[in-house]
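A.B. asks: Here is a sequence together with a model predicted from it:
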Amino acid sequence: NDDKLELFGDIHMTENGNVLECDTLYYFSDEEEHIISFGEVNFSNQDGTLTSDSLYYSVSNDSLYAYGGAYLKKLQSDIKAETINLIKSDGYFGYSFIAKGDVVINDNDIQINGSEIIYIDSTQHMSILKDAHIINQNKELFGENIFIQFKDSSINEIVIDKDPIVYNKIEARISEDVIEEHFTDVMLGESMIIKYSDNKLEEIKVIGMASSLYHVINNMLLEGTNEVSGDTILFSFIDEELIRIMVQGGGAGLFTPEFNNSSIDSVIYYFAEKIDYDILKNVNHFYNQGSIQYQDTELNSEYIKVNWNTNKLESHVVNNIKPIVRTDLKSSPMRGDTIYYDLISEIGVINKGKTELNNAFYHGDEILSDNNQNIYSFDGIYTSCDLEYPHYYFLSKKMKIIPDKHIVAKPITLHIRDFSIIG
């Protein structure tokens with residue numbers, strides 16, 4: 001047959017810079033010129049080397065099909081799979097490919113794993129299908145499928161469509177006099193979108209039942225761990241460093257201090273529909289149905305701000321909804337236009353506040369509570385009338401209430417419907 005050539009033995013074939021070595025070779029010169037080779041196949045040119053058990057090479061469209069232990073080496077990257085289909089293109093990298101069967105790609109500092117990986121050079125889009133896994137220095141990404149959009153030689157966006165998990169390995173010390181240890185931050189949810197700028201991580205958006213474990217580190221010293229969950233969590237980065245965490249919808253979390261390194265000595269629980277954690281300023285904002293629980297103290301408000309540098313929080317009235325604080329399980333809640341509280345000294349101040357104690361109500365332009373549960377009221381009133389503007393009350397410039405004991409007030413004046421009666 002003039003259209004077919006069969007070769008056996010140690011075959012070495014060279015054409016247009018392409019070198020093919022194998023044990024058996026079939027050459028077909030019909031309308032679709034192609035070569036089939038078997039046995040320790042090695043195909044190489046100036047772009048790289050491809051080895052496999054067998055190889056189908058289409059001369060007419062310049063494409064390769066490598067079967068059995070396929071391995072492609074190109075400059076600083078390589079692909080290992082059971083089969084590799086390599087197709088020449090006019091795109092950025094000059095080729096597209098389909099690799100199947102325990103695929104492993106190494107490209108500089110990145111390793112990509114999957115059951116099947118498809119790369120389309122014309123769109124610079126890669127699909128990593130089934131049991132997808134990416135390792136990039138100190139980060140690991142897992143998902144059912146992972147899709148990567150490249151922009152020239154850089155990653156532009158990564159989408160994980162199902163069961164994403166991101167691990168970020170960090171180092172910190174648990175005390176000043178010990179060596180650094182390894183810790184791992186975790187992010188997971190139902191799906192995930194990761195964005196890059198100039199090949200640097202810029203944003204991670206976790207969608208659906210999102211949750212995160214984040215280690216709080218200051219000057220390489222571990223101060224505690226922060227666990228948070230919500231409908232959606234957005235992580236923002238600058239130069240690969242996490243600078244902001246935004247939680248939208250059903251936010252809930254807890255901060256567990258590293259007791260040797262933090263002035264906080266108890267776990268803090270928090271809830272809000274929207275949570276904004278500015279890591280650079282070390283400040284938390286809680287919006288809509290916010291709640292902070294620390295030891296026996298609980299603050300509920302439509303807006304709460306916590307400064308973790310000073311361990312002080314503040315809250316104020318929003319849409320006529322006043323913040324409410326309770327300092328222990330037995331005490332009555334205190335309401336006010338603005339509430340300030342120090343988590344360390346356990347002293348709080350309430351502006352234009354109101355509270356109930358022993359079936360009586362206390363109002364004041366400023367109400368202060370100390371760590372002994374004593375209440376101090378300035379320009380305050382005492383009354384058993386539960387109305388916002390009571391019919392009768394005692395007015396005093398200064399008032400101290402010691403729960404279950406007595407009240408000290410001076411001077412004091414009895415008012416009925418804002419008319420001074422006795423004083």
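C.D. replies: Okay, I see it.

A.B. asks: which residues of the stretch 151-300 of the chain score low on pLDDT?
C.D. replies: Under the criterion pLDDT under 70, no range of the stretch 151-300 of the chain is flagged.

A.B. asks: Let me see the ranges of the strands in it.
C.D. replies: 154-160, 165-172, 181-188, 191-197, 200-218, 221-238, 241-257, 268-278, 283-294, 297-307 (DSSP state E, counting those that start in this stretch).

A.B. asks: could those be laid out in JSON lines, adding distance to residue 144 and mean neighbour count?
C.D. replies: No exception for glycine: its C-beta is placed from N, CA and C like everyone else's. As requested, the strands of the stretch 151-300 of the chain are arranged in JSON lines below (distance: least, C-beta to C-beta, whole Å; neighbours: other C-beta atoms under 10 Å):
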{"stretch": "strand 154-160", "distance to residue 144": "8", "mean neighbour count": "19"}
{"stretch": "strand 165-172", "distance to residue 144": "11", "mean neighbour count": "17"}
{"stretch": "strand 181-188", "distance to residue 144": "13", "mean neighbour count": "16"}
{"stretch": "strand 191-197", "distance to residue 144": "10", "mean neighbour count": "19"}
{"stretch": "strand 200-218", "distance to residue 144": "14", "mean neighbour count": "19"}
{"stretch": "strand 221-238", "distance to residue 144": "19", "mean neighbour count": "20"}
{"stretch": "strand 241-257", "distance to residue 144": "23", "mean neighbour count": "18"}
{"stretch": "strand 268-278", "distance to residue 144": "28", "mean neighbour count": "20"}
{"stretch": "strand 283-294", "distance to residue 144": "33", "mean neighbour count": "19"}
{"stretch": "strand 297-307", "distance to residue 144": "37", "mean neighbour count": "21"}
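
A.B. asks: Throw those into CSV and include distance to residue 375, thanks.
C.D. replies: Shown next, in CSV, are the strands of the stretch 151-300 of the chain (distance: least, C-beta to C-beta, whole Å):
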stretch, distance to residue 375
strand 154-160, 52
strand 165-172, 41
strand 181-188, 42
strand 191-197, 48
strand 200-218, 33
strand 221-238, 31
strand 241-257, 28
strand 268-278, 24
strand 283-294, 19
strand 297-307, 14
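
A.B. asks: Let me know which of the ones you listed is the nearest to residue 130.
C.D. replies: Of all those, it is strand 154-160 that lies closest to residue 130, at 12.8 Å by C-beta to C-beta.

A.B. asks: Direction included, what does the closest one pair against?
C.D. replies: Here strand 154-160 has these sheet partners by DSSP bridges: strand 139-151 (antiparallel), strand 191-197 (antiparallel).

A.B. asks: Mind putting those strands into a markdown table with distance to residue 4?
C.D. replies: What follows is the strands paired with strand 154-160, written out as a markdown table (distance: least, C-beta to C-beta, whole Å):
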| stretch | distance to residue 4 |
| --- | --- |
| strand 139-151 | 41 |
| strand 191-197 | 50 |
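
A.B. asks: I'd like to know which of those strands is closest to residue 208.
C.D. replies: strand 191-197 (6.0 Å).
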